[in-house]
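Chemist: Can you look at this prediction? I've put the sequence above it.
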Amino acid sequence: MILAGKMLCAAAVIAGLLAFFWRDTFNPDSIAGARVLLTGASTGIGEQMAYHYSRFGAEIVLTARRETVLQKVMEKCLQLGAEKVFYIPADMSSPQAPEEVVQFALKKLGGLDHLVLNHIGVTPFQMWDGDVNHTRWLMQVNFHSYVALASAALPILTESKGVLTVVSSLTGKISTPFTTSYSATKFALDGFFSSLRHELTMQKKDVCITFCVLGLIDTEAAMEKTRDKVYMSPSPAAEAALTIIKGAANREREIFYPWWLELICRLRDWFPSHRDVVIQSFYNHTST
């Protein structure tokens, strides 16, 4: 724990210096009237993004599995000032769902300026138990459906010179305990969309890919899973959601929230044995 404390203190000092030079260049007017397709919009970070987009006056299509919850989110979005709000229930474990959702959004909005990929499949927070079938299912929801949604929307985003936002996790940059299958899906997202970014640039297509690396967020699902298992403070979902929206609007390549996660990712290959000890020190393996 002493080593962990020293490393965190050093990171905090460097992070403070970086934060001092950082300036918020976000223009809320850039969102007004923007056509947004948002997945995983019924709860957590997705729900909070829906509310922020509404306050900025966007036109939104919401999607998630539960229709009754989507209806409630839609109603609040309209109250907050969204220009237009529609929803379509969809289960991303179905290979047909991505195409259906994109076509629905195109029909309702007439185009897309932002595709925000945020949904995740339910997965246990525990040591690997050998459940290969669950991993296959999770790859469909957390990875293959992202690829399918992006592929279906890419021609539309190319026309609008839009933004493709991929919400990921620190576990997709640095491996951590209890997240074997989940981490695999997030590493896959980084590999695919980083490669796609190269190809879009080489083809001179003005589509921005904003990759979002998030730490522990205080969503209900995350808090339930990690209770008594993780020794770290969560960050607020509403603030995470706003950070994602600002980063995408500014067409940033990558964003990190909390922002000091970038330091950890940049230093991940330094002293790997010490790094692993530090990571493990934040987890309680006796509660699994």
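Modeler: Here it is on my side, so go on.
Chemist: I'd say Leu216 and Val230 touch.
Modeler: Yes - Leu216 sits in contact with Val230 when judged by Cβ atoms under 8 Å, with a separation of 6.5 Å. (Each C-beta comes from the backbone N, C-alpha and C, glycine too.)
Chemist: of those two, who's got more company?
Modeler: Here Leu216 and Val230 are compared on neighbour count by other Cβ atoms under 10 Å; more neighbours surround Val230, at 20 against 17.
Chemist: Please report how far that one lies from Thr185.
Modeler: Here Val230 is placed at a distance of 19 Å from Thr185 (Cβ to Cβ, to the nearest Å).
Chemist: Below-threshold pLDDT in this protein: ranges please.
Modeler: Scanning the chain with the threshold set as pLDDT under 70 gives 1-23, 269, 271-276, 278-280, 282-283, 285-288.
Chemist: In which helix or strand does the spatially most central residue of it reside?
Modeler: Among the residues of the chain, Val167 comes closest to the average C-alpha position under Cα atoms, centre = their mean, at 1.5 Å. Here Val167, judged by DSSP states H and E, is contained in strand 163-169.
Chemist: And for that strand, what's in contact with it?
Modeler: Outside of strand 163-169, the residues within contact range by Cβ atoms under 8 Å, 6 or more residues apart in numbering are 40, 45, 113-118, 146, 150, 153-154, 157, 182-183, 186, 189-190, 193, 207-215, 244, 247-249, 251.
Chemist: gap between it and the chain center?
Modeler: Computed by Cα atoms, centre = their mean, to the nearest Å, the separation of strand 163-169 from the middle of its chain amounts to 5 Å.
Chemist: Mind checking what helix or strand follows that strand in sequence?
Modeler: On the C-terminal side of strand 163-169, the nearest following helix or strand under DSSP H and E is helix 180-202.
Chemist: other SSEs contacting the helix or strand immediately after that next one in the chain?
Modeler: The C-terminal neighbour of helix 180-202 among helices and strands, as given by DSSP H and E, is strand 208-214. The contact analysis (3 or more Cβ pairs under 8 Å, 6 or more residues apart in numbering; DSSP states H and E) places strand 208-214 against strand 163-169, helix 180-202, helix 237-249, strand 254-257, helix 261-266.
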